[in-house]
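# coordinates only, sequence not included:
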């Protein structure tokens with residue numbers, strides 16, 4: 001009993017025990033990583049994928065999704081603007097990839113408020129967040145194609161500036177006259 005009481009009342013030993021327990025807690029908390037967990041949506045469920053919505057669009061009505069791709073065409077209708085999009089996977093920054101061979105199909109995005117089709121011409125890369133609103137069957141070349149419909153809540157059009165890497169200027173020096181040929185006065 002004497003050894004235990006000596007640990008509790010000895011300030012040096014107490015500090016060492018506190019440091020050891022603190023290190024253990026940091027080590028244990030560092031082992032729990034969120035990288036292994038699936039991404040979750042607002043409801044705590046994993047996000048709905050494009051292939052799931054494409055397979056059964058009516059069963060996902062009202063669910064919020066984020067899809068991206070390349071605009072194939074936009075058309076103004078009585079009920080809003082219909083945008084036909086070639087789906088492309090999204091990067092971690094929610095920007096569509098540029099590799100068209102990675103597409104899993106097409107979808108239609110509907111904007112109920114006025115949206116001029118000229119502002120999103122064919123070839124524009126977009127990211128759309130909205131609610132699944134069912135599907136529509138329209139002709140595609142010589143066949144019929146069933147497009148999932150997404151009611152747009154947020155539309156982001158990506159420009160070439162967004163795709164370019166930032167340009168970094170080399171360090172020139174502290175003054176306006178500093179340059180690669182500058183020498184201090186007097187010139188030796």
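Okay, I see it. Here the structure is a predicted model, which means the values were calculated and not measured.
# For residue 95, see how far away residue 135 is.
Distance of residue 135 to residue 95, computed by CB to CB, to the nearest Å: 26 Å. For the C-beta atoms, the positions are set from N, CA and C on the backbone; glycine is no exception.
# Mind jotting down where the helices sit in the chain?
With DSSP state H as the criterion, the chain has helices at 2-9, 11-31, 50-55, 160-163.
# between those, which gets the lowest average pLDDT?
The weakest mean pLDDT among those belongs to helix 2-9, with a mean of 52.
# hey, where'd the strands end up in this structure?
64-77, 80-88, 106-111, 125-140, 143-158 (DSSP state E).
# Any chance of the ones you listed in TSV with mean pLDDT, mean neighbour count and distance to residue 54 as columns?
Formatted as TSV, those follow (pLDDT from 0 to 100; neighbours: other CB atoms under 10 Å; distance: least, CB to CB, whole Å):
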stretch	mean pLDDT	mean neighbour count	distance to residue 54
strand 64-77	94	18	10
strand 80-88	95	21	8
strand 106-111	95	21	7
strand 125-140	94	17	9
strand 143-158	94	16	6
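# Ok, which of those comes nearest residue 55?
strand 143-158 (9.3 Å; CB to CB).
# Between strand 106-111 and the closest one, find me the angle.
Between strand 143-158 and strand 106-111, the angle comes out at 60 degrees (axes from the mean of the first three to the mean of the last three CA atoms, to 10 degrees).
# Break this structure into its domains for me.
2-27, 50-162 (automatic domain parsing).
# Residue 125 contacts residue 69, correct?
Yes - the criterion here is CB atoms under 8 Å, and residue 125 meets it with residue 69 at 7.2 Å.
# Report the set of residues contacting both of the two.
When contacts are counted by CB atoms under 8 Å, 6 or more residues apart in numbering, residue 125 and residue 69 have 88, 96 as shared neighbours.
# ok, residue 91 touching residue 99?
No - the criterion here is CB under 8 Å, and residue 91 misses it with residue 99 at 11.1 Å.
# of those two, who's got more company?
The neighbour count for residue 91 versus residue 99, taken as other CB atoms under 10 Å, is higher for residue 91 (12 against 9).
# Excluding sequence neighbours, find me the nearest residue to that one.
Computed as CB to CB, 6 or more residues apart in numbering, the closest residue to residue 91 that is not its neighbour in sequence is residue 97, at 6.3 Å.
# Who are the contact partners of the one you found?
Contacts for residue 97 (CB under 8 Å, 6+ apart) come out as 88-91.
# Reformat these as TSV; add distance to residue 105.
Formatted as TSV, the contacts of residue 97 follow (distance: CB to CB, whole Å):
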residue	distance to residue 105
88	10
89	12
90	15
91	19
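# which among those residues gets closest to residue 106?
residue 88 (10.7 Å).
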